[in-house]
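J.: for reference, the sequence and a predicted model appear below.
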Amino acid sequence: MNDFHPKLRTPICEKLGIDYPIIQTGMGWVSTAKLTAATSATGAIGFLATATQTFAEMKSSVREIQELTGNPFGINVRTDSPDIEERLDWAIKAGINVVSFAQAPKPEMVKKLSDSGIITIPTIAARRHAEKVAEWGVDAVIAQGQEGGGHTGEVPTSVLIPQVTKAIDIPVFAAGGITDGRGLVASLAWGAQGIAMGTRFLLSSESDVPAEIKQAYFNAMVTDTIRTKSIDGVPQRVINSEMVQNLEKNRYLKFPRALTNALKFRQATSTPLSDLFKEALAMRKNQNMTWAQIALAANAPMLTKATMVDGNHKIGIMPTGVGLGVIESAPTVSEIVEEIMKEASQCLSDLSSTEEIE
């Protein structure tokens with residue numbers, strides 16, 4: 001561990017068993033075993049994206065990470081998955097350190113994991129959501145502002161983090177448009193104990209995202225993102241590509257396209273049609289969704305896979321935070337983490353020097 005500014009060793013580092021207060025988020029199709037292990041090996045903590053994996057793929061990926069690093073890592077799970085209970089039971093037996101959630105967890109899920117010694121960290125986008133999950137006993141939260149990539153909320157990061165850190169007494173990780181050490185220092189000033197990043201790690205050498213897709217990110221400017229409901233009916237931030245513009249204009253094409261993607265997602269994840277139907281019924285009952293909205297909910301995974309796995313930006317989407325416009329290269333994960341920590345240390349030292357002069 002390098003000799004960085006002592007204020008960067010926040011209490012959550014001790015709880016998670018990590019050196020640096022940095023999370024690599026569980027991005028579907030992107031946060032593979034390779035990327036997750038590389039992040040955790042640096043002293044930060046990586047999260048495996050299991051929401052787009054079959055149960056067998058999840059188990060194989062976890063074992064691969066455990067072979068690559070002995071450092072703590074986490075998994076990100078989809079709480080409405082038909083086999084979620086089986087996955088959580090296996091995670092407990094496998095010795096998983098931390099679990100984060102692709103949707104809001106159920107209180108009984110939090111209790112089961114907590115009783116087994118597993119740390120739980122949901123992502124929230126509003127103060128009231130933070131207060132709710134804190135009551136359920138989660139260990140920390142990732143508070144993501146509207147600048148974040150993928151599904152994101154309404155409140156800007158600079159407003160959300162101070163709101164949340166004042167409202168709850170558990171550790172908070174700041175997310176949404178953060179890419180560097182200055183963002184880490186700003187987050188600490190807002191009351192957070194660390195940061196969570198997706199886009200910055202997506203654009204790393206250990207990320208298996210195709211080179212042509214990474215280049216599309218490099219070519220984009222801060223103003224080239226859009227927060228849209230046209231993909232799956234829920235606001236999410238993506239690069240404003242020609243594909244997304246077509247979805248925005250041709251709204252009547254959404255349902256048939258989504259239905260096709262629902263069937264593709266079933267094939268890609270080997271989900272039995274019966275399970276898909278049960279899940280649809282549950283979504284309709286619990287979330288009061290129409291059949292059209294349910295079909296639309298299958299859009300994001302397959303449209304993201306088209307870019308992040310298949311390398312086809314003409315038919316896929318590119319989830320991103322607004323920070324993409326300041327990222328110009330894809331260094332190693334180790335270099336990313338070290339640069340963030342160095343910059344944050346220098347920033348804190350400069351601020352201390354300024355205070356002494358005054």
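T.: Great, that's in hand.
J.: what about the residue nearest to T332 when sequence neighbours are not counted, how many residues nearby?
T.: Nearest residue to T332 in three dimensions, chain neighbours excluded: S205, at 5.0 Å (CB to CB, 6 or more residues apart in numbering). Where C-beta positions appear, they are placed from N, C-alpha and C, glycine not excepted. Counted with other CB atoms under 10 Å, residues neighbouring S205 total 16.
J.: any idea how far S205 is from S81?
T.: Computed as CB to CB, to the nearest Å, the S205 to S81 distance reads 31 Å.
J.: and I336, by the same measure?
T.: Taken as CB to CB, the span from I336 to S81 is 30 Å.
J.: for P319, give me phi and psi.
T.: phi -60, psi 140 (degrees, to the nearest 10).
J.: now the one 3 residues further on
T.: The phi/psi pair for V322 (degrees, to the nearest 10) reads phi -70, psi -10.
J.: please apply the same query to the one 3 residues further on.
T.: When read as degrees, to the nearest 10, the backbone of G325 gives phi -70, psi -10.
J.: what's near enough to touch it?
T.: A220, M221, V222, T223, D224 (CB atoms under 8 Å, 6 or more residues apart in numbering).
J.: and those, which are buried?
T.: A220, D224 (16 or more other CB atoms under 10 Å).
J.: out of the contacts of G325, which is nearest to E135?
T.: Distance to E135 across the contacts of G325 (CB to CB) is lowest for V222, with 36.6 Å.
J.: contacts only, for that closest one.
T.: By CB under 8 Å, 6+ apart, the contact set of V222 is V322, G323, L324, G325, V326.
J.: from I239, how far off is it?
T.: Separation of V222 from I239 (CB to CB): 11 Å.
J.: can you check which residues contact both of these two?
T.: Common neighbours of V222 and I239 (CB under 8 Å, 6+ apart) are L324.
J.: show me where the stretch 101-250 of the chain has its helices.
T.: According to DSSP state H, counting those that start in this stretch, the stretch 101-250 of the chain carries its helices in the segments 107-115, 127-136, 157-167, 181-189, 199-202, 211-219, 242-249.
J.: mind putting the ones you listed into JSON lines with mean pLDDT?
T.: What follows is these, written out as JSON lines (pLDDT from 0 to 100):
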{"stretch": "helix 107-115", "mean pLDDT": "98"}
{"stretch": "helix 127-136", "mean pLDDT": "98"}
{"stretch": "helix 157-167", "mean pLDDT": "98"}
{"stretch": "helix 181-189", "mean pLDDT": "98"}
{"stretch": "helix 199-202", "mean pLDDT": "98"}
{"stretch": "helix 211-219", "mean pLDDT": "97"}
{"stretch": "helix 242-249", "mean pLDDT": "86"}
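J.: would you mind saying which of these lies nearest I92?
T.: That would be helix 107-115 among those, by CB to CB, at 7.2 Å.
J.: the closest one versus helix 127-136: what angle between them?
T.: Put simply, helix 107-115 runs at 50 degrees to helix 127-136, going by axes from the mean of the first three to the mean of the last three CA atoms, to 10 degrees.
J.: and helix 107-115, what does it pack onto?
T.: helix 84-94, strand 119-124, helix 127-136 (3 or more CB pairs under 8 Å, 6 or more residues apart in numbering; DSSP states H and E).
J.: within the sheet, what are the partner strands of the second one, with directions?
T.: As defined by DSSP bridges, the strand partners of strand 119-124 come to strand 98-101 (parallel), strand 141-144 (parallel).
J.: now these as TSV including distance to V62 and mean neighbour count?
T.: Listed next are the strands paired with strand 119-124 as TSV, based on distance: least, CB to CB, whole Å; neighbours: other CB atoms under 10 Å:
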stretch	distance to V62	mean neighbour count
strand 98-101	12	26
strand 141-144	21	29
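J.: as TSV, those strands with mean pLDDT and distance to T32 would be great.
T.: Shown next, in TSV, are the strands paired with strand 119-124 (pLDDT from 0 to 100; distance: least, CB to CB, whole Å):
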stretch	mean pLDDT	distance to T32
strand 98-101	97	16
strand 141-144	98	20
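J.: deepest of the helices and strands packed on helix 107-115, which one?
T.: For those, the largest average neighbour count (mean count of other CB atoms under 10 Å) is found in strand 119-124, namely a mean of 24.
J.: chain center to that one, what's the gap?
T.: Remark: strand 119-124 is offset 11 Å from the chain centroid, using CA atoms, centre = their mean, to the nearest Å.
J.: ok, and what's touching that strand?
T.: Residues from elsewhere that reach strand 119-124 (CB under 8 Å, 6+ apart): 15-16, 23, 25, 74, 97-101, 104-105, 109-110, 113-114, 130, 133, 137-144, 164, 173, 175, 196.
J.: state the mean pLDDT of that strand.
T.: Throughout strand 119-124, pLDDT has a mean value of 98.
J.: look up how far A126 lies from the residue lying closest to A44 once chain neighbours are set aside.
T.: Residue nearest to A44 in three dimensions, not counting chain neighbours: I22, with 3.9 Å by CB to CB, 6+ apart. To A126, I22 is 24 Å away according to CB to CB.
J.: ok, the two, which is more surrounded?
T.: Set I22 next to A126 and count neighbours by other CB under 10 Å: I22 wins out with 28 against 15.
J.: check contacts around the more buried one.
T.: Shown in contact with I22 (CB under 8 Å, 6+ apart): A44, I45, L184, G194, I195, A196, M197, V337, I340.
J.: cool, thanks, talk later.
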